[in-house]
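Participant: quick one, fold the following:
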Amino acid sequence: MNPYLKRLSHFKQKRTNVSNLSCISLFSGGGGLDLGAYLAGFNTLMASDIIPAYISTIKNNLEGVKIYTEDAMLLTPQSLRELSGLQAGDLDLMIAGPPCQAFSILGRRQSLNDPRGQLTPKYIELVAGVRPKAFIFENVPGLMTVNGGKDFKELWQFMQDTTGYNLFCQKCNAKDYGIPQSRERIIIVGFRPDINCEDFVYPDGPSGYMATSLPKAVPSMWALEDVDGLPNHLIRIHGERVRERYNKIKPGERDRTDHTDRIKPDVPSGTVLVGSSAGGGRPHIHPYEPRVITVREAARLQSFPDWYQFYGSTTEQYRQVGNAVPVLMAYEILINVRKVLEMQNI
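Facilitator: Model (predicted):
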């Protein structure tokens, strides 16, 4: 077993490092941030998403997490407190990656004019009302450049004015955290003003088990080994013409017909994509076989452990994986958030 798979296998469903720190997750999707918090030892009280398949994934993987399936726009600070059983200010952490299509470079970049863009201000208002000790906001890098950067400046100011929290922001790339995928995300961390957060830093690489055994750039082929028999490893059978076309595409090149990239096996893969019925990006082409990668292979590139199963249709499974925050990137950041919160009680 290669060092990357050994590292993944270390993260068990049955945790040994559970803390008393509470967490609420909104816009949970397939659970990348949720699983990162779970593995970092946070006690997640509630997860929320409007899509049933996504909630099924979280419910069936993360022990003890209550679920909320209604429209997040209907949530209020009071309803969140009632659902979690906490009083104002008692919550340790709130996490969310509001739908990013409104900001994505692959979308139409309508930003706050897109109804999905309204979910971001909603999340910030909930943070301001619930007053957790810390919060995480995740989104695509395009958030910083849409409308010439004007929207991000307005959003940052809105965060500061609405919450009053001490804010940190960094563009993080999954490949820097021992993950075999190049995937950039904006991660904003906010701490309540009464929390001493002067020691908070974004981690500069992987930590813990097998971290020192990983090369600086983990090759994508390591994620694709030993997948036979695993959950969500359903190989798509393509027609002869598609297989012939894929066979002609060299690793690292793109199929011009369906805009699909073939994985170059000796370097981190490109960003795992969601796929779109409108003709957007689709799953990568396997480096050695004339087919797209399976949901499990995509999940491996996103650093989901093999015990974490995805529910719903195959399309819904691909979307959950493609929209997720890389799990071990979220884990590393949340470990550092946990350290700050635990220092408050010393």
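
Participant: span of stretch 218-229 from start to end?
Facilitator: 24 Å (Cα to Cα, to the nearest Å).

Participant: list the contacts of that stretch.
Facilitator: Outside stretch 218-229, the residues that touch it by Cβ atoms under 8 Å, 6 or more residues apart in numbering are 1-5, 175, 178-181, 233, 263-269, 286-287, 293-294, 296-297, 300-301. Heads up, the C-betas are built off the backbone N, CA and C, glycines and all.

Participant: so which of those residues are in helices?
Facilitator: Pro3, Tyr4, Leu5, Arg296, Glu297, Arg300, Leu301 (DSSP state H).

Participant: okay if I get the residues you listed as TSV plus neighbour count?
Facilitator: Putting the ones in helices among the contacts of stretch 218-229 into TSV (neighbours: other Cβ atoms under 10 Å) gives the following:
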residue	neighbour count
Pro3	17
Tyr4	26
Leu5	18
Arg296	26
Glu297	26
Arg300	31
Leu301	30
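
Participant: ok, those vs Lys171, which is closest?
Facilitator: Nearest to Lys171 out of the ones in helices among the contacts of stretch 218-229 is Leu301 (Cβ to Cβ; 19.4 Å).

Participant: what residue ranges in the stretch 101-250 of the chain score low on pLDDT?
Facilitator: 101-117 (pLDDT under 70).

Participant: related to what we said a few turns ago, among the contacts of stretch 218-229, the buried ones, what's the PyMOL command?
Facilitator: Entered in PyMOL, the line below selects the buried ones among the contacts of stretch 218-229, by 16 or more other Cβ atoms under 10 Å:
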select buried, resi 2+3+4+5+175+178+179+180+181+233+263+264+265+267+268+269+286+287+293+294+296+297+300+301
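
Participant: report how many residues lie close to Pro141.
Facilitator: 17 (other Cβ atoms under 10 Å).

Participant: would you list the phi and psi of it?
Facilitator: In terms of degrees, to the nearest 10, the main-chain angles of Pro141 are phi -60, psi -30.

Participant: skip the chain neighbours and tell me the closest residue to it.
Facilitator: Of all residues not flanking Pro141 in the chain, Glu184 sits nearest, at 4.8 Å (Cβ to Cβ, 6 or more residues apart in numbering).

Participant: straight-line length of stretch 266-285, end to end?
Facilitator: 15 Å.

Participant: in contact with the residue nearest to Pro141, which residues?
Facilitator: Applying Cβ under 8 Å, 6+ apart, the residues contacting Glu184 are Val140, Pro141, Lys171, Cys172, Asn173, Ala174, Thr271.

Participant: any idea how far it is from Arg243?
Facilitator: From Glu184 across to Arg243, the span is 32 Å (Cβ to Cβ, to the nearest Å).

Participant: then Pro132?
Facilitator: Pro132 is 51 Å from Arg243, by Cβ to Cβ.

Participant: those two: who's more crowded?
Facilitator: Taking other Cβ under 10 Å, Pro132 and Arg243 do not tie; Pro132 has more neighbours (28 against 13).

Participant: hang on, isn't Leu62 packed against Leu33?
Facilitator: No. Counting by Cβ atoms under 8 Å, Leu62 stays clear of Leu33, with 11.5 Å between them.

Participant: among those two, which residue is more densely surrounded?
Facilitator: A count of neighbours by other Cβ under 10 Å puts Leu33 above the other of Leu62 and Leu33, at 31 against 21.

Participant: gap between the one helix or strand the more buried one maps to and the chain center?
Facilitator: According to DSSP states H and E, Leu33 maps onto helix 32-39. In terms of Cα atoms, centre = their mean, to the nearest Å, the centre of helix 32-39 is found 8 Å from the chain centre.

Participant: list of residues touching that helix?
Facilitator: 11, 15, 23, 25, 28, 44, 47, 58, 61-62, 65, 93, 95-97, 136, 138, 302, 304, 308, 323-331, 333-334.

Participant: got the CA coordinates for it in CSV?
Facilitator: Presented in CSV, the C-alpha positions along helix 32-39 are these (Å, rounded to 0.1, in the frame of the first residue of the first chain):
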residue,chain,number,x,y,z
GLY,A,32,-16.2,17.3,2.8
LEU,A,33,-16.1,20.0,5.4
ASP,A,34,-18.3,17.9,7.7
LEU,A,35,-15.9,15.0,7.5
GLY,A,36,-12.9,17.2,8.0
ALA,A,37,-14.5,18.5,11.3
TYR,A,38,-15.5,15.0,12.3
LEU,A,39,-12.0,13.7,11.8
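
Participant: quick one: residues in contact with the helix or strand hosting Glu82.
Facilitator: Using DSSP H and E, Glu82 falls within helix 77-84. The contact list for helix 77-84 (Cβ under 8 Å, 6+ apart) reads Ser22, Ile24, Leu45, Met46, Lys66, Tyr68, Gln87, Ala88, Leu91, Leu126, Gly129, Val130.
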